[in-house]
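**Q** return a 3D structure for these sequence lines:
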Amino acid sequence: MSQFEAGTFIAYLAFSIFFLVAYKLQQISLFALIMLLVATAVGIGIFYLLIMQ
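**A** Residues are numbered from 1 along each chain as shown. Next up, the predicted model:
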């Protein structure tokens, strides 16, 4: 795994942890949590594909 791939994975984990904490503190609903995790995964995936080309 390259350093860029590792950084991208760490960024996704950081966003996921942030959203999970917001969910546990009841700042967002379960539906919002799922939508945010999907949107983050898609956004990071698109970013990764654009940078790696």
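**Q** all contacts plus neighbour counts: C-alpha atoms, from now on.
**A** Fine.
**Q** ok, now how distant is residue 34 from residue 3?
**A** Separation of residue 34 from residue 3 (Cα to Cα, to the nearest Å) stands at 28 Å.
**Q** higher neighbour count, these two?
**A** residue 34 (13 against 8; other Cα atoms under 10 Å).
**Q** distance between the host helix or strand of the more buried one and the chain's centre?
**A** For residue 34, the element it lies in under DSSP states H and E is helix 30-52. Offset of helix 30-52 from its chain centre (Cα atoms, centre = their mean, to the nearest Å): 6 Å.
**Q** contacts for that helix?
**A** Contacts of helix 30-52 from elsewhere in the structure, counted by Cα atoms under 8 Å, 6 or more residues apart in numbering, are 8, 12, 15-16, 19-20, 23.
**Q** turn those residues into CSV, columns for distance to residue 38 and neighbour count.
**A** Output for the contacts of helix 30-52, formatted as CSV (distance: Cα to Cα, whole Å; neighbours: other Cα atoms under 10 Å):
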residue, distance to residue 38, neighbour count
8, 15, 16
12, 11, 18
15, 11, 15
16, 10, 18
19, 11, 19
20, 13, 18
23, 15, 16
